[in-house]
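**Student:** Based on what follows, work out the 3D shape:
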Amino acid sequence: MRTINVLTGAAITVAAMSGAAWAQVPFQVASPANGASVRETVRMAIPRSSLGDAQYLTLTIDGVFRAGIDIPTFKAEKPIRTTTVEGGERYVNLLWNTKEISKDPKVPENLRTVQDGPHSIEIAAYNAGGRQVGVQNLTLNVNNKGSLPSPASGILLSYALRVGARDKYRQKTEVEYIADPQTVPAAQGGGRNFGGGGFNGGGLRGGPPAGFGGPPAGFGGGGRFGGQGGGPNDGSFVPRQQPTGPVILPVQNVTANYERTVEDRNGSSTYLVRDKVLNGVIIGGSGNADRLENVYDFKSRYRAVRSRGLVEEYAPASAKAPGAYVALPIIDLSGVRRRVGDQWTVKAPILLEWATLNAPPMVDTQNRLESLEWQNGNRTARIVQTYNGKADVPIFGGAGTMKSADVKMTRTI
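**Tutor:** As a prediction, this is how the structure comes out:
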């Protein structure tokens with residue numbers, strides 16, 4: 001049995017934080033004030049003049065340690081900006097993304113997002129010797145869903161498509177194989193980022209590690225990010241088979257930054273939408289990483305899309321450039337009114353970075369309207385889409401198909 005786990009989340013990242021201050025240094029936070037109402041990404045401004053000899057900060061939220069952050073120096077020519085901290089000239093801003101989704105399987109499903117309501121924050125400052133030189137506790141009231149009414153008749157969900165619009169998205173995809181519980185799969189040489197092969201290995205591309213009876217082994221022969229590779233058979237290495245329990249093989253971890261533009265409109269509700277990956281990071285099963293733009297020469301991907309999210313047509317993508325025509329999934333919202341808590345079934349594609357895009361397998365997914373909330377200052381809906389079943393997943397260029405692969409997918413939209 002082969003199982004592909006896909007965890008996809010459009011446009012989400014981070015973890016980091018906030019604080020205020022009473023001071024041993026003195027240590028203070030200019031904003032937000034204790035008891036303030038906050039939403040989305042909270043920016044907590046600490047004046048540099050209050051940091052004294054502090055070298056790093058720690059952040060604790062609701063009693064759980066979340067981050068240790070080096071205090072960045074200010075560089076006028078290249079300001080420091082990460083998902084957790086900004087280093088300005090006068091202020092150091094700690095960033096807390098209250099829309100972050102936890103991927104820790106130990107965290108209950110209902111606690112994977114930051115809940116609206118009060119949250120206790122502690123920020124502590126330490127000098128180079130590790131001595132605490134400042135600390136403050138405060139309470140911030142998260143209000144991502146407040147003042148967004150949900151009418152009894154429900155709301156009509158649609159995409160805010162507008163000719164000329166240009167938006168940026170981030171998607172993270174994690175893929176792993178769960179191997180046959182009785183037999184270790186043959187860890188064959190896949191392509192550039194999928195194990196096997198050596199750094200001087202051959203082929204331009206390939207698929208995921210070949211599971212027991214899985215897709216063609218090592219097609220494309222070895223690859224740039226192969227693990228302990230370089231062996232015979234174009235980078236393939238076949239270990240001795242032996243009984244064992246379930247084996248999880250990491251295939252890839254991809255974070256991609258997209259640009260989406262709405263190019264034109266045909267009639268009242270069909271739009272020509274263009275997607276293109278700008279950059280990102282890919283981590284192969286062996287743990288080797290590279291920038292996506294170093295691996296693929298990304299191409300624009302065009303689709304005709306209705307405002308409800310129904311994709312009417314894909315512009316053909318060349319099979320000669322696998323991975324180059326990646327497109328952010330657009331989910332069919334079904335065009336009917338929904339209330340918070342409603343569930344429904346809709347067809348959706350199984351899209352993997354190395355699988356064909358011209359004819360992605362369509363499966364019946366379960367969808368749930370989780371909440372209405374603020375996102376980038378806009379009123380939005382959070383929808384969780386899941387699928388747990390079998391699918392035939394074709395590989396680019398006709399190199400093979402993963403027949404009846406068990407697929408477990410979660411998308412948060």
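**Student:** contacts and neighbour counts: CA atoms only from here.
**Tutor:** Will do.
**Student:** Tell me where the stretch 151-300 of the chain is predicted with low confidence.
**Tutor:** 175-252, 285-286 (pLDDT under 70).
**Student:** ok, Val142 touching Ser120?
**Tutor:** No: if you go by Cα atoms under 8 Å, Val142 and Ser120 don't touch, sitting 10.6 Å apart.
**Student:** Show me which positions of the helix or strand encompassing Arg411 end up buried.
**Tutor:** Secondary-structure element containing Arg411, defined by DSSP states H and E: strand 401-412. Neighbour-count burial for strand 401-412 flags 401-402, 405-412 (criterion: 16 or more other Cα atoms under 10 Å).
**Student:** and what of stretch 278-298?
**Tutor:** 278-289, 292-293, 295-296, 298.
**Student:** Also stretch 52-61?
**Tutor:** Result for stretch 52-61 [16+ other Cα under 10 Å]: buried residues 52, 54-61.
**Student:** Mind putting the residues you listed into CSV with secondary structure?
**Tutor:** Converted to CSV, these look like this (DSSP: H, G, I helix; E, B strand; the rest coil):
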residue, secondary structure
Gly52, coil
Ala54, strand
Gln55, strand
Tyr56, strand
Leu57, strand
Thr58, strand
Leu59, strand
Thr60, strand
Ile61, strand
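**Student:** Narrow the buried residues of stretch 278-298 to those in helices?
**Tutor:** Secondary structure defined by DSSP state H assigns 292-293, 295 of the buried residues of stretch 278-298 to helices.
**Student:** how about the helices in this protein?
**Tutor:** 232-235, 292-295.
**Student:** Which strands or helices does the last one pack on?
**Tutor:** The criterion is 3 or more Cα pairs under 8 Å, 6 or more residues apart in numbering; DSSP states H and E, and the helices and strands that helix 292-295 contacts are strand 270-284.
**Student:** Now the strand it packs on - C-alpha only, PDB.
**Tutor:** The C-alpha atoms that make up strand 270-284 are tabulated as PDB, following Å, rounded to 0.1, in the frame of the first residue of the first chain:
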ATOM      1  CA  THR A 270     -15.800  34.100 -16.100                       C
ATOM      2  CA  TYR A 271     -12.200  35.400 -15.600                       C
ATOM      3  CA  LEU A 272      -8.800  34.700 -17.200                       C
ATOM      4  CA  VAL A 273      -6.600  34.100 -14.200                       C
ATOM      5  CA  ARG A 274      -2.800  33.900 -14.400                       C
ATOM      6  CA  ASP A 275      -0.700  32.200 -11.700                       C
ATOM      7  CA  LYS A 276       3.100  32.100 -11.500                       C
ATOM      8  CA  VAL A 277       5.500  30.900  -8.800                       C
ATOM      9  CA  LEU A 278       8.000  33.700  -8.100                       C
ATOM     10  CA  ASN A 279      10.300  31.900  -5.700                       C
ATOM     11  CA  GLY A 280      10.400  29.500  -2.700                       C
ATOM     12  CA  VAL A 281      12.200  26.700  -1.100                       C
ATOM     13  CA  ILE A 282      12.100  22.900  -1.700                       C
ATOM     14  CA  ILE A 283      13.500  20.400   0.800                       C
ATOM     15  CA  GLY A 284      13.900  16.900  -0.500                       C
END
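**Student:** which neighbours does it have in its sheet, and in what orientation?
**Tutor:** If you go by DSSP bridges, strand 270-284 pairs up with strand 248-266 (antiparallel), strand 289-291 (antiparallel), strand 301-306 (antiparallel).
**Student:** okay, these, which one's buried deepest?
**Tutor:** Mean neighbour count (mean count of other Cα atoms under 10 Å) peaks for strand 301-306 among those, with a mean of 22.
**Student:** Now do it, average pLDDT.
**Tutor:** Strand 301-306 carries an average pLDDT of 90.
**Student:** How about residues contacting that strand?
**Tutor:** Contacting residues not belonging to strand 301-306 are listed as 269-276, 311-315, 317, 325-327 [Cα atoms under 8 Å, 6 or more residues apart in numbering].
**Student:** What's the end-to-end length of stretch 297-317?
**Tutor:** 13 Å (Cα to Cα, to the nearest Å).
**Student:** Stretch 84-91 too?
**Tutor:** End-to-end distance for stretch 84-91, by Cα to Cα: 14 Å.
**Student:** wait, isn't Ile155 in contact with Arg339?
**Tutor:** Yes: look at Ile155 against Arg339 with Cα under 8 Å: they come within range, at 6.5 Å.
**Student:** what about those two, which has more around it?
**Tutor:** Arg339 (19 against 15; other Cα atoms under 10 Å).
**Student:** list the contacts for that one?
**Tutor:** Counting by Cα under 8 Å, 6+ apart, the residues that Arg339 touches are 150-155, 369.
**Student:** Recalculate using a threshold of 7 Å.
**Tutor:** Arg339 makes contact with 150, 154-155, according to Cα atoms under 7 Å, 6 or more residues apart in numbering.
**Student:** May I see those arranged in a markdown table, with distance to Val254 as well?
**Tutor:** Formatted as a markdown table, the contacts of Arg339 follow (distance: Cα to Cα, whole Å):
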| residue | distance to Val254 |
| --- | --- |
| Ser150 | 35 |
| Gly154 | 36 |
| Ile155 | 34 |
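**Student:** Show me which of the residues you listed is closest to Gly335.
**Tutor:** Ile155 (10.0 Å; Cα to Cα).
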